[in-house]
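Engineer: Provide a 3D model corresponding to the input given below.
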Amino acid sequence: FSTWKKIIRAIMSDKKTFIWMMLTISFLAILDVIHPILNSAIIDKYFSENTVSFENSELYILAYVAIAVLYFAFTTLFLIFTAKIENKTAYILRKQAYENIQKLSFSYYDVTSQGWLMARMTSDSSKLAGLVSWGVVDFLWGVLTMIGILFVLLFTNFKLGIIIICVLPFMLLIA
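Structural biologist: Okay, the predicted model is just below:
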């Protein structure tokens, strides 16, 4: 458990970048919820009757372009912030591992190759930093998107939303 505390501390070492990453993930989750709503509005307006007419579609085209630009901007920012956190976490983990290696006795180095130890330390810290930082991102993005979808569901069909909320704990338990 103390190892995870150290890893979380390493991730949270740059709070400003972490907060910016969380904000960009939140905005991407909001866009993930808005996009299907826009699609639904377009289908209802232009494809619900037997005739297809694209009169007064400029607003929807503008909305689509705006969503695409926002997706690009927030995805780019989110990738930059996550990469910064990943690199900072890897650096901190490597530094801590190096400090621990310096405390080992000389007899340890008689039986363990220094090259193997350094390669293992570098590789493991990079893998762990990537796994943790991107895992946190994927988890938070997924949770925020699901919460947004649940709110939209409650707004559009309250009864179905309540049924889903009642079934959701069992689905989470099974998953």
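
Engineer: now do the buried residues in stretch 62-82.
Structural biologist: Of the residues in stretch 62-82, 74, 77-78, 81-82 count as buried by neighbour count, 16 or more other Cβ atoms under 10 Å. C-betas here are computed from N, CA, C, even on glycine.

Engineer: one more: stretch 137-144?
Structural biologist: Buried-residue list, stretch 137-144, by 16+ other Cβ under 10 Å: 137, 141, 144.

Engineer: mind putting these in TSV, distance to Thr112 included?
Structural biologist: Shown next, in TSV, are those (distance: Cβ to Cβ, whole Å):
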residue	distance to Thr112
Val137	35
Trp141	40
Leu144	44
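
Engineer: excluding its backbone neighbours, what's nearest the residue positioned nearest the centre of the chain?
Structural biologist: Relative to the mean C-alpha position of the chain, the nearest C-alpha, by Cα atoms, centre = their mean, is the one of Val137, at 2.4 Å. Leaving aside its sequence neighbours, Val137 sits nearest to Thr82 (Cβ to Cβ, 6 or more residues apart in numbering; 5.3 Å).

Engineer: and the residue nearest to the centre of the chain, what is it in contact with?
Structural biologist: Val137 sits next to 21, 25, 78, 82 when contact means Cβ atoms under 8 Å, 6 or more residues apart in numbering.

Engineer: work out for me the element the second one sits within.
Structural biologist: Pointing back at Ile25 there. Per DSSP states H and E: Ile25 is located in helix 15-46.
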